[in-house]
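I would like to see how this sequence folds:
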Amino acid sequence: MKKALLYLLAFVLVQFVCIYAVIIPWGLVEGKNLNQVLLSLGDGSIYTMPMLIVSSALTSIVMIALFLGRRWCVVSRHYLRTRPWGVLFWASLIAIGAAIPSQWLMEQLQFTDTNAALFSMMMSSTWGYVVLCLLAPLAEEIVFRGAILRSLLQSYRPWVAILVSAIFFSVVHANPAQMPHAFVIGLLMGWMYWRTGSILPGVALHWVNNTIAYVAFRLLPGMEDMTLGQLFGSEGRALLSVAFSFCILLPAIYQLHLRMRRE
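All right, here's what the predicted structure looks like:
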């Protein structure tokens, strides 16, 4: 547990350091004094789309370099050499099947989305896709499955380790609206890591999950403010979409169970 907490602390510290390393100089160059920069950091008024993209990209790059350089996460080509294309395909389908049920659950819980404005700002740019859908999934899988879960599996029963890592993954999102989905997806990605010993299935699921959000934002402007009932035209149709999503999600989980057992 000590190693897992160390990795979690490193993840949080890198985020803060990279944000301050970008935002403070940026604000000073724009003519603000240090006190103004710090105050605007607190209420979020200083953020612009370029600031968010640069700071988020720097955070992911530093995270990847740190965890791989220190060998807190050990990667190899062994799993890729087994040609696990079926596992990666079904892992991607899990993300597709989970998208609408996750949105429905968030609506039922009525949690506040505290990061909606910042994410909207980032997703309005093509570079936002690079940061949110390519760099972030890789960095987070290296940290939460490749380092944190790997260390927990050495000391605890698999499902205890997977549960704890999913809780960590949920909490660090620091956004009530994202936490339930992050927890459930964290369980699934933890299960996949335990069965395969590789972060690749989790990266595939994570990438598709974030890409769905990005594509929906770009193709359906204003969707983030709509309920499923409004999107599909009625609450009944919204529930049918949830049921149909489970027809994708549950077979995908079952197929992964069969295919990862062979691995």
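
For Arg237, which non-adjacent residue is spatially closest?
Gly229 (7.7 Å; Cβ to Cβ, 6 or more residues apart in numbering). Bear in mind the C-beta positions are built from the backbone N, C-alpha and C, glycine included.

which SS state does that neighbour fall under?
helix (DSSP: H, G, I helix; E, B strand; the rest coil).

Then the one 10 residues further on?
Under the three-state scheme (three-state DSSP), Leu239 adopts helix.

ok, it - contacts?
Contacts of Leu239 were listed using Cβ atoms under 8 Å, 6 or more residues apart in numbering, and they are Trp104.

Need the per-residue pLDDT for it.
Note for Leu239: predicted pLDDT of 91.

give the contact list for Ser170.
Gln178, Met179, Pro180, Ala182, Phe183, Gly186.

Low-confidence ranges, the stretch 151-263 of the chain, go.
Applying pLDDT under 70 to the stretch 151-263 of the chain flags the ranges 222-225, 261-263.

And the stretch 1-150 of the chain, by the same measure?
Checking the stretch 1-150 of the chain against pLDDT under 70 turns up 30-31, 33, 36-45.

Now do the helices in the stretch 51-200 of the chain.
Ranges of helices within the stretch 51-200 of the chain are 78-81, 85-109, 116-123, 126-129, 136-143, 150-153, 158-171, 179-196, 200-219, based on DSSP state H, counting those that start in this stretch.

For the first one, buried residues please.
To tie it back to what came earlier, the one meant is helix 78-81. For helix 78-81, the neighbour count (16 or more other Cβ atoms under 10 Å) marks Tyr79 as buried.

With just CA atoms, put that helix into CSV.
The C-alpha coordinates for helix 78-81 follow below in CSV (Å, rounded to 0.1, in the frame of the first residue of the first chain):
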residue,chain,number,x,y,z
HIS,A,78,5.4,-9.4,-24.8
TYR,A,79,1.7,-9.0,-24.7
LEU,A,80,1.6,-7.2,-28.0
ARG,A,81,3.4,-10.1,-29.6
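
which other helices and strands contact it?
Contacts defined by 3 or more Cβ pairs under 8 Å, 6 or more residues apart in numbering; DSSP states H and E place helix 78-81 against no helix or strand at all.

just the helices of the stretch 51-200 of the chain: most buried one?
Most buried of the helices of the stretch 51-200 of the chain by mean neighbour count (mean count of other Cβ atoms under 10 Å) is helix 136-143; its value is a mean of 24.
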